[in-house]
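Enquirer: generate a structure from the sequence data that follows.
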Amino acid sequence: MESERRPRLTPAIADVRRAVRSCIDDLAPATTDALLLVALSGGADSLALAAATAFEAPRSAMRAGAVVVDHGLQAGSAAVAERAAAQARALGLDPVLVRRVDVAAATDGGGPEAAARDARYEALNAAAAETGALAVLVGHTLDDQAETVLLGLARGSGGSSLQGMAAASGILRRPLLGIRRSTTRQFCTDAGLGAWDDPHNDSDLYARVRVRARVLPVLETELGPGIAEALARTAEQLREDSEALDSMVEETIEEICEPAEAGIAVSVGALAANPAALRQRIIRHVVDSEFGVSLSRVQTLAVARLVTDWHGQKPLDLPGIRVKRDGGLIVFTAASTPL
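Expert: Purely as a prediction, here's the structure:
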């Protein structure tokens, strides 16, 4: 039985356990016996994470369980999920939940990868609410982070995408963002754990797989080793910059905004006095917080031109909102509201 194995402490096992221990220390629950859930697919990353959490959690007076999400996208997916659940139980995790999700129902036009991700996160959040878990640990690695940054760069989707994945996002925690995928595989080998290889991870139908199998290896060959680590460092630095700018927006926003009929208005002078990066972030923040609308860069720049390039333009009709300049104010209203 896997629960009876006591593997020697190899470098890979030590590295993964250390990463999990740091995550647990950061959580620092006020009470003992708090529950951590591990999102377990049965793959090497999540299996190494589950084993390390099973080892580390009791040493911090915490409990460790698992939630296995069956996406139902492949023949035999239920058997794969049950195998992962059996591995979790053998590692001593309790409770162990298996949840089957309807990926098709979760799609919003973002493609099958996005639909599967949305369905998975919905199931993880529901499992945490059901069990009262303090956090859900997911097994994204440094390699996943590098792939995310590279995909964001290729799409030209700006700093928010280049930040990659956050170590903490709501109830989710990603302890392994500093750990290479090769290390989690070595962990499983050293610990005698049989990891499942998802066939989707070898399918070049998916952009992420093409980046993993083709693009990153070419970059490593042509530019030298350490590309994945460099991309991950870039994500970390951009996240720090973004958090600083967000903090500046939060400190500024109440002073430069005022209520408007069926909407909100922002001072033209205040927007003009700020550098472009902060001005455009303020615009996006106002629109998102007041109307639940995410502006693209093109749309944001169109609004900004009402401040920086004003020559009597007509109101802007954007998805969900209308924007006009009224004297010294930029006025945002819901799209259905006449201006």
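
Enquirer: which phi and psi does Arg322 have?
Expert: Reported as degrees, to the nearest 10, the phi and psi values for Arg322 are phi -120, psi 150.

Enquirer: sorry, that was for Gln163
Expert: Per degrees, to the nearest 10, the backbone of Gln163 is at phi -70, psi -20.

Enquirer: where does it land on pLDDT?
Expert: Gln163 carries a pLDDT score of 87 in this model.

Enquirer: how far away is it from Ile171?
Expert: Counting by C-beta to C-beta, to the nearest Å, the gap from Gln163 to Ile171 is 19 Å. Backbone N, C-alpha and C define where each C-beta goes, glycine included.

Enquirer: so those two - more neighbours on which side?
Expert: Shown here are Gln163 and Ile171; by other C-beta atoms under 10 Å, Gln163 has more neighbours (22 against 16).

Enquirer: pretty sure the more buried one contacts Gln237?
Expert: No - applying C-beta atoms under 8 Å, one finds Gln163 not in contact with Gln237, separated by 9.1 Å.

Enquirer: which ones are touching Asp26?
Expert: By C-beta atoms under 8 Å, 6 or more residues apart in numbering, the contact set of Asp26 is Ala168.

Enquirer: number the residues from 58 up from this point.
Expert: Done: numbering now begins at 58, and the last item shifts to Asp83.

Enquirer: which secondary structure element contains it?
Expert: Here Asp83 sits within helix 68-84, counting by DSSP states H and E.

Enquirer: just how off-centre is that helix within its chain?
Expert: Averaging C-alpha positions (C-alpha atoms, centre = their mean, to the nearest Å) puts helix 68-84 20 Å from its chain's average.

Enquirer: list the buried residues for it?
Expert: Judged by neighbour count (16 or more other C-beta atoms under 10 Å), helix 68-84 contains these buried residues: Ala69, Ile70, Asp72, Val73, Arg74, Ala76, Val77, Arg78, Cys80, Ile81.

Enquirer: which ones are touching the second one?
Expert: Under the criterion of C-beta under 8 Å, 6+ apart, the contact list for Ile70 reads Pro64, Ala109, Phe244, Asp247, Ala248.

Enquirer: and of the residues you listed, the nearest to Glu347?
Expert: For the contacts of Ile70, the minimum distance to Glu347 (C-beta to C-beta) is 43.0 Å, reached by Ala109.

Enquirer: isn't that closest one up against Val73?
Expert: Yes - in this structure, Ala109 is within contact of Val73 by C-beta under 8 Å, at 4.6 Å.
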